[in-house]
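Colleague: coordinates only, sequence not included:
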């Protein structure tokens, strides 16, 4: 009580105000800055779920700046029986605030539809829409039906998007905007063949890394004229050989996957076959390009000819129960014992006349280009159990066939596009739509036998570590230096407050020293009351900082690219308490000890 009387009310108020202001500033400045720097790691690891793996281009500074070939989604989806899809990340500014815009395709959209808590109607990936995380919706005051202007930070693209839904995952994705993949690519300045990363769900990091290891694919070939060997996955060209002709071999180094091997010449493209590249593999393809084999199953005494459109009559040779013809691709009249059948052939086929029927269900086929436009002037064949059932040449995008119930294979050919083969089952009348892949104008520009683009797989922790190292090494270094500078200034100010409190009672300390008071007595009379006041002021200052932070979350909470970093209450108390104790020891206890020693 003696110490409190010596200090007096005015000195205690001055000490309280000084420590209060100091503690408040430490909570908002030092604590927030340190949490910001070390919280970036958590934020950057939260852009994907813990059970997902990201595949990004080697050399990328972070997932936000990575450019990754989108065909890795096709390759890895042929390996893993799980959800694999490309995504884009674009940090931008909306209504004056930073935010990350994520681009997703149909496969990625499925996850968000499960997390929708408010939506308007069906979402079409080709429309101009945006899904808003629940935290972003609160921050920007958005609701379903509102419009959002999203600009690109890299080019002049600006999109006006309608909010189609609000979702909640309970993680950092709730601070994002989600748009169709094609919009995400335009915002990021990417082409259709690129993405920020490829996401693989429910697969371990070790499995993905093993799948990405290159395997050797050796192809022995024999072709009569110049062309290229292409390796495709899901209709997308992955790699190409140099121009080849004659006999030889070429070696590709590719990740694990299921690939189509294609031979493309100047005017025509041949699908050679499919391979499963699980380990090093060697295959052979020797094609008599220009002539195809037509095998017709007939009775031994049957008279059979193939007559071309210009009237040329071809005779075949009998091999067991078949008559075998070697003819150029095209349309023919098949003449069997005086009966005529119109057929069109462009690959080696087998024909059993018993399979050809005029009965069954009416099926409409429509052929479109890769961009959805109707295709005209193409050939087609329909086979069942390996035998030709129906074939022809269509001058319009649609053709009709009457087929009995069963399973069939449809092959469409339009030079110089690829063969497109699809399987279907007929149980009733139906419409079947087939899309042709994009024509490869210059196969040598696709990429050599060894993929030059190197990628690596990252888990949630690895993704955050990659960006964190870059962040701390660049921007983070400036922020840390600023935090240290501010912390030093605040500590000096706090020490001066405590030193002023000591100076204000130094005359009383001298009186007690003249009475031979012990150091313990001096500490109890002067040091202990100043410590209690300092701690009380520290608690009040930190509490006021917590109150402001709670009331104005998006103003006082540290954030990075629009992601709000979790800020525990303990941080707002720990740093001010440590600084208050340190300032008290330096500014009050040390001078008291020194005055006693003198």
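Modeller: Looks like it arrived, so ask away. Fair warning: this is a prediction, and the values are worked out from it, not measured in the lab.
Colleague: the residue nearest to residue 22 when sequence neighbours are not counted: neighbouring residues, count only.
Modeller: Excluding its sequence neighbours, the residue lying closest to residue 22 (CB to CB, 6 or more residues apart in numbering) is residue 494, at 4.6 Å. C-beta: built from backbone N, CA, C; applies to glycine. Residue neighbour count, defined by other CB atoms under 10 Å, stands at 27 for residue 494.
Colleague: then the one 4 residues further on?
Modeller: Other residues near residue 498 come to 27 when the count uses other CB under 10 Å.
Colleague: please state the offset of the longest strand along the chain from the chain centre?
Modeller: Longest strand of the chain, by residue count under DSSP state E: strand 215-233. Here the centre of strand 215-233 is set off from its chain's centre by 31 Å, with CA atoms, centre = their mean, to the nearest Å.
Colleague: so what secondary structure elements neighbour it?
Modeller: On a contact count with 3 or more CB pairs under 8 Å, 6 or more residues apart in numbering; DSSP states H and E, strand 215-233 meets helix 71-77, strand 236-240, strand 244-254, strand 257-264, strand 269-277, strand 281-286.
Colleague: so which of these is nearest residue 542?
Modeller: helix 71-77 (48.9 Å; CB to CB).
Colleague: show me the contacts for the residue most central in space within the chain.
Modeller: Nearest to the mean C-alpha position of the chain, counting by CA atoms, centre = their mean, stands residue 87 at 2.8 Å. Contact analysis of residue 87 by CB atoms under 8 Å, 6 or more residues apart in numbering lists 102-104, 108, 181, 184, 195-199.
Colleague: out of those residues, who's the most crowded?
Modeller: residue 195 (30 neighbours).
Colleague: for it, name its beta-bridge partners.
Modeller: Bridge pairing for residue 195 (DSSP bridges) gives the partners residue 68.
Colleague: so residue 378 makes contact with residue 367?
Modeller: Yes - contact criterion CB atoms under 8 Å: residue 378 and residue 367 qualify, at 5.9 Å.
Colleague: who touches both of those two?
Modeller: 394, 412, 414.
Colleague: spatially, and excluding backbone neighbours, which residue is closest to residue 260.
Modeller: Going by CB to CB, 6+ apart, residue 260 has residue 232 as its nearest residue, at 4.4 Å.
Colleague: what is the neighbour count of the one you found?
Modeller: Quick note: residue 232 (other CB under 10 Å) scores 22 neighbours.
Colleague: pairing partners for the longest strand of the chain, with directions?
Modeller: Strand 215-233 pairs in its sheet with strand 236-240 (antiparallel), strand 244-254 (antiparallel), strand 257-264 (antiparallel), strand 281-286 (parallel), by DSSP bridges.
Colleague: select the longest helix from this structure.
Modeller: Secondary structure of the chain per DSSP state H: the longest helix is helix 475-504.
Colleague: after that one, heading C-terminal, what element do we hit next?
Modeller: Later in the chain than helix 475-504, the nearest helix or strand by DSSP states H and E is helix 506-514.
Colleague: for that following helix, buried residues please.
Modeller: Under the neighbour-count criterion of 16 or more other CB atoms under 10 Å, helix 506-514 has 508-509, 512 buried.
Colleague: who's in contact with it?
Modeller: Applying CB under 8 Å, 6+ apart, the contact partners of helix 506-514 are 6, 521-522, 525-526, 592, 595-596.
Colleague: could you dump those residues into CSV with pLDDT added?
Modeller: Shown next, in CSV, are these (pLDDT from 0 to 100):
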residue, pLDDT
6, 65
521, 83
522, 80
525, 81
526, 80
592, 83
595, 84
596, 78
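Colleague: which of these fall in helices?
Modeller: Using DSSP H to define helices, the subset of the contacts of helix 506-514 located there is 6, 521-522, 592, 595-596.
Colleague: now do the contacts for the most far-flung residue of the chain relative to its centre.
Modeller: Here the chain reaches farthest from its C-alpha mean at residue 515, the gap being 77.2 Å by CA atoms, centre = their mean. By CB under 8 Å, 6+ apart, residue 515 lies in contact with nothing.
Colleague: look up the pLDDT of the closest residue to residue 545 other than its chain neighbours for me, please.
Modeller: The spatial neighbour of residue 545 that comes closest, neighbours along the chain excluded (CB to CB, 6+ apart), is residue 27 at 3.5 Å. You'll see residue 27 listed with a pLDDT of 75.
Colleague: residue 27 and residue 584: what is the separation?
Modeller: 17 Å (CB to CB, to the nearest Å).
Colleague: can you list the low-confidence ranges for the stretch 1-150 of the chain?
Modeller: Residues of the stretch 1-150 of the chain meeting the criterion pLDDT under 70: 1-8, 30-48, 59-61, 120.
Colleague: just the strands in it please.
Modeller: Counting by DSSP state E, counting those that start in this stretch, the stretch 1-150 of the chain has strands at residues 52-57, 68-69, 84-94, 97-104, 116-119, 129-133, 147-151.
Colleague: just tell me which of the ones you listed ends up closest to residue 261.
Modeller: Residue 261 lies closest to strand 68-69 among these, at 19.6 Å (CB to CB).
Colleague: from the middle of its chain, how far away would that closest one be?
Modeller: For strand 68-69, the separation from the chain centroid amounts to 10 Å (computed by CA atoms, centre = their mean).
Colleague: what's the angle from the longest strand of the chain to strand 269-277?
Modeller: Relative orientation of strand 215-233 versus strand 269-277 (axes from the mean of the first three to the mean of the last three CA atoms, to 10 degrees): 140 degrees.
Colleague: buried set for strand 215-233?
Modeller: Residues 215, 217, 219, 221, 223, 227-233 are the ones in strand 215-233 that count as buried (16+ other CB under 10 Å).
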